[in-house]
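1. Got a sequence here, can you build the structure:
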Amino acid sequence: MPKILSVKLNSGFSLPTLGLGTYKSAPGSETENAVKWALVAGYRLIDTAAYYGNEGSVGKAVRESSIPRHEIFITTKLWNSDHAIVEKAFEGSLSLLNSGYIDLYLIHWPIVRVRVQTWKRMEKLIAGGKIKSIGVANFMIRHLEDLLANTEIIPAVNQVEFSPYVYNKELLDYCKKKGIQLQAYSPLTRGNKLSDEKLLALSKKYSKSPAQILLRWCIQHDVAVIPKSVHEGRIIENSQIFDFELSKQDMDLMDSWNEGFRVAPDPNQYR
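-> Numbers count the residues shown, from 1 in each chain. Alright, predicted model coming up:
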């Protein structure tokens, strides 16, 4: 079992640098099995969201595992239609997860006009002790600047689409400067770029899979990753990224692959 590293968040809590994403994992046995396989493989972070419809399955798998709750980091998210009912939405997620508390609660998208007020309500939730850390997802620099100028707590995490094919260096540098941990969703481009000849060449060079090369690139940029899979073999493979290192030359090479390729909506649509 690989030793998965953690990073200290500005909230004082530790975030595993590798977690399991569950977007489009069907509720029920598909999600439950994926979570259980991940936990056996050494994962200690499970990422879900109200929008995914599988919070209950994630919570069930966590409870049925032999791993103590305090060793597992659970992330979920506030959906766009729930900004007016932050507290109720949070309690709904917590009830479905039935996990006692939530380690990280994120604003899923930077909805115009309401994100600052929503964040202030999430700041109050922190005091209740049912959330360890709060953060955001899909926030670009201007969204973060809006938040930081009008609120008190700096987001612990900003979860965004991130890969060599949509390499937002400016956002990464900004988050590092502000003490916000960047976390990559869809770091494997949902499979769209795994056959890229440039990537295959590095895969052969390091005797690692294309997916492992992409994940390692993120890790070496100090970006945490939450690759999604419902296949046991791939879940295990994705965890085996801490026993090798990409050279600076190859990191620089991968940095040059940016082509603005996205598999999720562009957050820049939110003003």
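
2. Mind listing residues that contact the one helix or strand residue 201 maps to?
-> Per DSSP states H and E, residue 201 falls inside helix 197-206. For helix 197-206, the external contacting residues (CB atoms under 8 Å, 6 or more residues apart in numbering) are 193, 209-210, 212-214, 244, 246, 250, 253-254, 257. Heads up, the C-betas are built off the backbone N, CA and C, glycines and all.

3. Can you read off the pLDDT for residue 1?
-> If you check residue 1, the pLDDT there is 68.

4. how about the strands of the stretch 101-250 of the chain, start to end?
-> For the stretch 101-250 of the chain, the strands defined by DSSP state E, counting those that start in this stretch occupy 102-107, 131-137, 157-161, 181-185, 224-225.

5. out of those, which comes closest to residue 239?
-> Counting by CB to CB, residue 239 lies closest to strand 224-225 out of these; the figure is 10.5 Å.

6. picking that back up, among the contacts of helix 197-206, which are located in helices?
-> Filtering those for membership in helices, criterion DSSP state H, returns 210, 212-214, 250, 253-254.

7. for the residues you listed, which one is nearest residue 67?
-> Nearest to residue 67 out of the ones in helices among the contacts of helix 197-206 is residue 212 (CB to CB; 24.2 Å).

8. Buried ones in stretch 194-212, by neighbour count?
-> Across stretch 194-212, burial judged by 16 or more other CB atoms under 10 Å covers 194, 196, 199, 202-203, 206, 208-212.

9. starting at the chain centroid, how far to the helix holding residue 201?
-> The gap between the average C-alpha position of helix 197-206 and the chain average comes to 25 Å, counting by CA atoms, centre = their mean, to the nearest Å.

10. Over to stretch 146-153?
-> When distances are taken as CA atoms, centre = their mean, stretch 146-153 is centred 22 Å away from the chain's centroid.

11. what comes up buried for it?
-> Under 16+ other CB under 10 Å, the buried positions of stretch 146-153 are 146-147, 151, 153.

12. Other residues contacting that stretch?
-> Residues from elsewhere that reach stretch 146-153 (CB under 8 Å, 6+ apart): 115-116, 119-120, 123, 126, 134, 136, 139, 154-155, 178.

13. wait, doesn't residue 213 sit right on residue 244?
-> No. Judged on CB atoms under 8 Å, residue 213 makes no contact with residue 244 at a distance of 9.4 Å.

14. Enumerate every residue touching residue 168.
-> Contacts of residue 168 (CB under 8 Å, 6+ apart): 140, 160, 162.

15. From residue 88, how far off is residue 59?
-> Here the criterion is CB to CB, to the nearest Å. By it, residue 59 lies 18 Å from residue 88.

16. okay, these two: which has more neighbours?
-> residue 59 (24 against 10; other CB atoms under 10 Å).

17. Report the contact partners of the closest residue to residue 216 other than its chain neighbours.
-> Excluding its sequence neighbours, the residue lying closest to residue 216 (CB to CB, 6 or more residues apart in numbering) is residue 241, at 4.9 Å. Neighbour list for residue 241: 2, 18, 208, 212, 215-216, 219 [criterion: CB under 8 Å, 6+ apart].

18. What about these, which one has the most neighbours?
-> Counting by other CB under 10 Å, top hit in the contacts of residue 241: residue 215 with 27 neighbours.

19. That one and residue 224 touch, don't they?
-> No. Using CB under 8 Å, residue 215 is not in contact with residue 224; the gap is 10.3 Å.

20. which neighbours do those two share?
-> With CB under 8 Å, 6+ apart as the test, residue 215 and residue 224 both reach residue 18.

21. Residue ranges in this protein under the pLDDT threshold?
-> Counting by pLDDT under 70, the chain shows low-confidence ranges at 1.

22. And the helices in it?
-> 29-41, 55-64, 86-97, 115-126, 141-150, 169-178, 197-206, 210-220, 232-239, 248-255.

23. Just give me the neighbour total for residue 114.
-> 15.

24. Quick one: residues contacting it.
-> Listed by CB under 8 Å, 6+ apart, the contact set of residue 114 reads 83-84.
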